[in-house]
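In: Sequence first, then the predicted structure:
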Amino acid sequence: MFKKVMIATDGSERAEKAAEHAFVMAKACEAELQVVSIVNAGSPREAYEIDPDFHEETEEMTDVNVDELKEQRSAPEQKVVDNMVAAARENGINNISSHIATGDPAKEILSYARENGTDVIVIGSHGRSALASAVMGSVCTKIVHAGEIPVLVVPVHEE
């Protein structure tokens, strides 16, 4: 039924639980497993709200190499993807592709899915109420509401 199954991961417990389902689906359907992770670019305004020293730090940065900065931000995501690929191989899946991008996670996941023929996206969720998800604008909620590609949402209630 499915030829390409995507697991959207951020390295969290939710993603690991969702991956278990993605692995079963990919193996049962003999499908390609697409492991996708997105570096949330965020805006400078968001960074400033999180870290009050952000403004001072950015003023001190004069010779910023954008490619180097992107590579530094992507390094943790590469480790997440590598770990997920290794886990998939341990589960007997050999047809695996991976992708890391920078940007808005929901938009980038959907873009990759459209461009690469993904049949189903598997993603973990906090298991929050509909109201909490709507207010917080979770990545999972945005992907589901886009309605472009079937989505398997694996709820994980964190304690």
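Out: Received it, and whenever you're ready, just let me know what you need.
In: For I7, give me the pLDDT.
Out: pLDDT, I7: 97.
In: Excluding chain neighbours, what is closest to it?
Out: A22 (3.9 Å; C-beta to C-beta, 6 or more residues apart in numbering). The way it works is simple: take the backbone N, C-alpha and C, and place the C-beta from them, glycine included.
In: and that neighbour, how many neighbours?
Out: 30 (other C-beta atoms under 10 Å).
In: Secondary structure element holding it?
Out: Per DSSP states H and E, A22 falls inside helix 13-29.
In: what does that helix contact?
Out: 1-3, 5-9, 31-33, 80, 84, 87-88, 91-93, 95, 120, 122-126, 152, 154, 156, 158 (C-beta atoms under 8 Å, 6 or more residues apart in numbering).
In: Which of the residues you listed fall in helices?
Out: 80, 84, 87-88 (DSSP state H).
In: Do a quick rundown of the strands in this protein.
Out: 4-8, 32-40, 96-103, 120-125, 151-155 (DSSP state E).
In: ok, now how distant is N83 from K142?
Out: 25 Å (C-beta to C-beta, to the nearest Å).
In: where does this protein have low pLDDT?
Out: In the predicted model, the chain carries pLDDT under 70 at residues 42-74, 126-137, 158-159.
In: can you do 90?
Out: Applying pLDDT under 90 to the chain flags the ranges 1, 10-14, 39-78, 125-142, 144-148, 155-159.
In: burial of S97, as a residue count?
Out: 14.
In: and the closest residue to it other than its chain neighbours, how many neighbours does it have?
Out: Leaving out its chain neighbours, the residue that sits closest to S97 by C-beta to C-beta, 6+ apart is Q34, at 5.2 Å. When counting by other C-beta under 10 Å, one arrives at 25 neighbours for Q34.
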